[in-house]
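In: give the three-dimensional model of this entry:
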Amino acid sequence: MSKSKNKSILNKLFESKNTHKEEAPEINKEEFIKVLKSRRSVRIYNDEPVLEKDMKECLELALLAPNSSNLQPWEFYWVRNLDKKKKLVEYCLNQPAAQTAQELVVCVARHDFWKINAQRMLSIFKEKENKVPKSALTYYKKIVPLAYNQGPLGIYGIIKKIIVLFRGINTPTPREPSNTNDMKIWAHKSTALACENLMLSLRAYGYDSCPWKVLIQRELKNFSNCQEKHK
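Out: Numbering: from 1, shown residues only. Model (predicted):
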């Protein structure tokens with residue numbers, strides 16, 4: 001088999017003449033190292049307020065985190081209503097970090113967002129008309145649904161799992177996600193990267209933060225309609 005026949009859709013995408021290129025800006029590495037080394041998971045905060053402008057900018061920076069196929073499987077809720085903040089602190093087991101924090105953000109992994117955001121990408125491509133490589137269109141129209149769509153009752157995932165089981169004997173083959181649990185893990189990974197972006201952004205703006213996994217998950221599922229949501 002020739003090399004050209006053995007190339008994947010990703011090879012074709014990156015080799016396109018229309019592939020976007022941009023110069024990397026100069027970075028002050030010492031300041032970046034300072035941000036990394038000074039980040040702490042603070043458990044008790046003072047009364048210094050977080051500027052609204054800073055918080056919004058840090059949330060926007062969080063959404064620039066790398067994620068699979070740019071499908072952004074997350075929701076960020078900035079909880080600003082006082083009654084809801086009190087309830088959220090209760091859900092966080094009244095930990096000091098939650099009680100004393102000036103701001104609270106709920107980060108939700110959404111494995112079911114892949115289809116919505118794939119359509120958004122195609123809408124953006126449509127606006128750019130002929131500036132988008134055909135391989136990119138093919139990727140979002142065919143490869144993304146093939147990879148992430150599990151089908152009704154997970155039937156597509158089962159079929160894919162059987163196919164890749166045999167294909168993978170002799171050929172390197174992506175094996176996941178093949179069910180809903182795999183999709184949840186996929187979403188959690190990307191959301192964790194976005195959370196890291198948020199924490200590092202806050203540190204760069206001069207604020208401290210503390211991540212924690214909420215243990216009272218059932219109650220948190222009903223915690224919705226917050227004032228600020230970032231996707």
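In: which residues are contacting the longest helix anywhere in the chain?
Out: For the chain, the longest helix by residue count, based on DSSP state H, is helix 180-204. Residues from elsewhere that reach helix 180-204 (CB atoms under 8 Å, 6 or more residues apart in numbering): 35-36, 38-39, 57-59, 61-68, 71-74, 76, 105, 107-114, 148, 150, 154, 157, 176-177, 208-209, 211. (Glycine included, C-beta is placed from N, CA and C.)
In: what about these, which are in helices?
Out: Judged by DSSP H, the contacts of helix 180-204 include 35, 36, 38, 57, 58, 59, 61, 62, 114, 148, 157 as members of helices.
In: kindly reformat these as JSON lines and extend each row with distance to residue 196 and pLDDT.
Out: Shown next, in JSON lines, are these (distance: CB to CB, whole Å; pLDDT from 0 to 100):
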{"residue": "35", "distance to residue 196": "12", "pLDDT": "97"}
{"residue": "36", "distance to residue 196": "11", "pLDDT": "96"}
{"residue": "38", "distance to residue 196": "15", "pLDDT": "97"}
{"residue": "57", "distance to residue 196": "16", "pLDDT": "98"}
{"residue": "58", "distance to residue 196": "12", "pLDDT": "98"}
{"residue": "59", "distance to residue 196": "14", "pLDDT": "97"}
{"residue": "61", "distance to residue 196": "11", "pLDDT": "98"}
{"residue": "62", "distance to residue 196": "9", "pLDDT": "97"}
{"residue": "114", "distance to residue 196": "21", "pLDDT": "95"}
{"residue": "148", "distance to residue 196": "23", "pLDDT": "94"}
{"residue": "157", "distance to residue 196": "29", "pLDDT": "89"}
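In: and residue 100, how far from residue 34?
Out: Distance of residue 100 to residue 34, given as CB to CB, to the nearest Å: 25 Å.
In: next one: residue 66
Out: For residue 66, the distance to residue 34 (CB to CB) stands at 22 Å.
In: of those two, which one has the most company?
Out: Just comparing residue 66 and residue 34: by other CB atoms under 10 Å the higher neighbour count belongs to residue 34, 13 against 9.
In: separation between that one and residue 203?
Out: 9 Å.
In: just give the closest residue to residue 121, not the sequence neighbours.
Out: Nearest non-adjacent residue to residue 121, counting by CB to CB, 6 or more residues apart in numbering: residue 140, 5.2 Å away.
In: spit out the contact partners of that neighbour.
Out: 69, 118, 121, 122, 125.
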